[in-house]
Each structure stands twice: as C-alpha cells, then as structure tokens.
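[1] I'll drop the sequence and a predicted model, then ask my questions.
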Amino acid sequence: MAARVLVQYVVLRGDLGREPLAWPLGALVAQACHAALAVTHSHRQHPDTAAYLAQGGSMRTVVLEAPDECALATLATTLQQNSIDHKLWIEEPEHIITCLALRPYPKEEVHQYLKKFKLLK
C-alpha cells in the first residue's frame with residue numbers, strides 16, 4: 001500500500017495585501033506562519049502531524065486565498081461543524097481574522113471544504 005500523501009492547507013485573506021488595507025508581504029507571511037505553527041503545535045500528538053513533520057523537506061503545504069474576512073470566518077465555521085482540526089488566526093490586539101490553517105491531512109479528507117479557494121497569488 002502506498003503511503004498517504006499529507007498536505008497542510010493554509011488559507012490567507014487576500015484582501016489584506018490589497019488596497020485599502022495593503023499589508024506588507026512580510027506581515028502576511030507572518031500570519032500564515034503563526035496559524036500553521038499554532039495548529040501544528042496543538043495537534044502535535046496526532047499521527048498525521050507526526051508523519052507530516054517526519055517528512056522534513058518533503059512536506060507539502062498549499063497556501064490558498066480567501067477573498068475576505070467573511071469567507072475565512074465561514075470556512076472556519078464549516079470546518080468546525082465537520083470536525084476538521086484547524087486554527088483560525090486572529091491578530092491581536094486589533095482582533096483581525098487573518099488566516100486559517102488545518103493540521104496536516106490526507107488531501108482527500110479535506111479538499112471538498114477548500115476547493116472553492118484559489119492558490120494565493
């Protein structure tokens with residue numbers, strides 16, 4: 001049997017990088033890193049997370065774009081309703097929803113929830 005392909009999905013708000021918000025690229029990357037690290041730490045005991053981390057340089061991460069805060073919040077609700085482990089990152093002290101990351105999953109288990117989002121550009 002072939003090994004399962006594990007993917008960590010990160011969904012970042014695209015509107016943060018455009019006017020009128022125009023966050024710097026570094027700030028956006030930091031949001032994605034915060035969310036990915038937080039969910040990975042929270043689920044570090046999960047067998048899929050351990051297997052994903054053991055891949056080292058072969059880890060697969062897909063960064064998608066949510067158009068705005070509402071789309072990201074809606075995704076978080078959908079994932080919660082379907083028991084999909086994730087972290088919704090909220091930048092403090094401003095309390096701005098910026099990013100969402102799933103723990104590593106086999107693509108086929110979570111793709112249906114993410115297929116409407118495009119790759120971040």
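    Received the coordinates, thanks.

[2] in this protein, which helix has the most residues?
    helix 25-42 (DSSP state H).

[3] buried sites along it?
    Leu28, Ala30, Gln31, Ala32, His34, Ala35, Ala36, Ala38, Val39, Thr40 (16 or more other C-beta atoms under 10 Å). Every C-beta, even on glycine, is put in place using the N, C-alpha and C of the backbone.

[4] Out of those, which is nearest to Glu94?
    Gln31 (11.7 Å; C-beta to C-beta).

[5] re earlier: for the longest helix of the chain, name the packing helices and strands.
    Under the contact definition 3 or more C-beta pairs under 8 Å, 6 or more residues apart in numbering; DSSP states H and E, helix 25-42 sits against strand 6-13, strand 86-91, strand 96-102.

[6] correct me, but Leu12 touches Gln31?
    Yes. The pair Leu12 / Gln31 is scored as a contact, 6.4 Å apart, by C-beta atoms under 8 Å.

[7] still on that earlier bit, any idea which of the buried residues of helix 25-42 is closest to Tyr105?
    The closest of the buried residues of helix 25-42, once distances to Tyr105 are taken by C-beta to C-beta, is Val39, at 10.7 Å.

[8] which residues touch the nearest residue to the closest one once chain neighbours are set aside?
    Distances taken as C-beta to C-beta, 6 or more residues apart in numbering place Lys87 nearest to Val39, at 3.8 Å, with adjacent residues excluded. Lys87 makes contact with Ala35, Ala38, Val39, Ser42, Leu100, Ala101, according to C-beta atoms under 8 Å, 6 or more residues apart in numbering.
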